[in-house]
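K.L.:
Predicted coordinates and the sequence they were generated for:
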Amino acid sequence: MRPYVYLMAAVTVDGRIASRTGYSRLSCPHDLKRLHAMRANVDAVIIGANTAIVDNPRLTVRYVEGRNPVRVLIDGALRVPTTLRIFDNSAPTIIYTSRRAPLEKIEELRGRGVEVVIIGEEKIDPGDVLRDLYRRNMKKVLLEGGGRTNWEFLNRCLVDELIVTITPYVFGNGVSLIEGEGYPNTEETPFVLELVSVKLCECGREIVLTYRLRCKNKFTQNI
Ligand SMILES: NC(=O)C1=CN([C@@H]2O[C@H](COP(=O)(O)OP(=O)(O)OC[C@H]3O[C@@H](n4cnc5c(N)ncnc54)[C@H](OP(=O)(O)O)[C@@H]3O)[C@@H](O)[C@H]2O)C=CC1
Ligand SMILES: Nc1nc(O)c(N)c(N[C@@H]2O[C@H](COP(=O)(O)O)[C@@H](O)[C@H]2O)n1
């Protein structure tokens, strides 16, 4: 069993979630409220190592009333600095890492109240992360990027709902919503996207697309 997985992001018209310099503040205040309402609605928020390093996010609920989710970081080599805001104890934080992680860094973070879980030899299977979160009674989680982490989950059919806000910008380069090895054509994706809704944001400049993802039968995960 695994939790229900939402993936939420803001993209430019050319599908980028960040520019080549790592700039990613795309959403208007209304869209940020939507993001924070989603954080308040889930049990955990998951990010990858680069997002943690580049953005140094808080991942707390601030623009609406609600409780903070558990913050989950996937970092196979435990590359992140120990000074990040996600280690500030304002909400619980769990790191999933592998045997590649330096032992002294694991100890330092554990000493500061961060739960560090070694879940793989080299690579981390996102299915294992989700199963572990489910065992901890987390039934709904939000995947907040970045592009590589989104790919790792999506490519294994581990995303149930995709909520993408299209913002009126173009980067021409940078990090795409999904950053992976890719598919050669539309037939060979392991999932189908079913459009649920198209909404104009309250600001009048952004479009919020919601899709439900259905895993094609031959790719169905046994999870
Ligand atoms: N506009 C928006 O809505 C958002 C934008 N962003 C932007 O996205 C950018 C970062 O995206 P990106 O560079 O793709 O990186 P990610 O944040 O997806 O981090 C990728 C890294 O995380 C680690 N990781 C993720 N999954 C696994 C796994 N299954 N097993 C092992 N390690 C894993 C790996 O580290 P390692 O290689 O060391 O093993 C991997 O290189 C930032 O610039 C950020 O600002 C992020 C979120 C939202
Ligand atoms: N949905 C969405 N829209 C944007 O424009 C964004 N830049 C992001 N980024 C995500 O939010 C994190 C920052 O969170 P805090 O404000 O520090 O709590 C960032 O790291 C991305 O995960 N998302």
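P.N.:
Alright, I've got the coordinates. Ligands and ions are numbered 1, 2, ... in the order given.

K.L.:
Can you give me the pLDDT of the closest residue in space to C28 that isn't next to it in sequence?
P.N.:
Closest residue in space to C28, ignoring its immediate chain neighbours: C203 at 4.2 Å, by C-beta to C-beta, 6 or more residues apart in numbering. Bear in mind the C-beta positions are built from the backbone N, C-alpha and C, glycine included. In the predicted model, C203 carries a pLDDT score of 98.

K.L.:
Return the backbone torsion pair for C203.
P.N.:
phi -80, psi -20 (degrees, to the nearest 10).

K.L.:
I'd like to check which residues are in contact with it.
P.N.:
C28, P29, H30, D31 (C-beta atoms under 8 Å, 6 or more residues apart in numbering).

K.L.:
Please apply the same query to S27.
P.N.:
A10, L35, T165, T167, E206.

K.L.:
Give me the subset of these that lies in strands.
P.N.:
Those of the contacts of S27 mapping onto strands are A10, T165, per DSSP state E.

K.L.:
what's the burial count for the residue of the chain found nearest ligand 1?
P.N.:
Nearest to ligand 1 in the chain, going by C-beta to the nearest ligand atom, is G146, at a distance of 2.0 Å. Neighbourhood size, G146 [other C-beta atoms under 10 Å]: 26.

K.L.:
So what's the residue count around N68?
P.N.:
By other C-beta under 10 Å, neighbour count at N68 equals 16.

K.L.:
Kindly indicate whether it is helix, strand or coil.
P.N.:
Assigned by DSSP: H, G, I helix; E, B strand; the rest coil, the conformation of N68 is coil.

K.L.:
what does H30 give?
P.N.:
Applying three-state DSSP: H30 is helix.

K.L.:
wait, doesn't it sit right on L200?
P.N.:
No: counting by C-beta atoms under 8 Å, H30 does not reach L200; the two are 10.5 Å apart.

K.L.:
For the two, list the residues in contact with both.
P.N.:
Common neighbours of H30 and L200 (criterion: C-beta under 8 Å, 6+ apart): E206.

K.L.:
which one of these two has more residues nearby?
P.N.:
H30 (16 against 10).

K.L.:
for the more buried one, what are its contacts?
P.N.:
Counting by C-beta under 8 Å, 6+ apart, H30 makes contact with C201, E202, C203, E206.

K.L.:
if I look at E115, how far off is R214?
P.N.:
Separation of E115 from R214 (C-beta to C-beta, to the nearest Å) stands at 33 Å.

K.L.:
Who wins on neighbours among the contacts of H30?
P.N.:
E206 (20 neighbours).

K.L.:
before we move on, the earlier item: where does the closest residue to the residue of the chain closest to ligand 1 other than its chain neighbours land in three-state SS?
P.N.:
Nearest residue to G146 in three dimensions, chain neighbours excluded: T51, at 4.3 Å (C-beta to C-beta, 6+ apart). The three-state label for T51, taken from three-state DSSP, comes out as helix.

K.L.:
hmm, stretch 151-161 touching ligand 2?
P.N.:
No: Stretch 151-161 does not reach ligand 2 (C-beta under 6 Å from any ligand atom); its nearest approach is 13.7 Å.

K.L.:
Low-confidence stretches in this structure?
P.N.:
218-223 (pLDDT under 70).

K.L.:
which stretches of it form strands?
P.N.:
Using DSSP E, strands in the chain cover 4-11, 16-18, 44-48, 70-74, 93-98, 115-120, 140-143, 161-166, 175-176, 191-200, 207-215.

K.L.:
which parts of the last one are buried?
P.N.:
If I follow you right, that is strand 207-215. V208, L209, T210, Y211, L213, C215 (16 or more other C-beta atoms under 10 Å).
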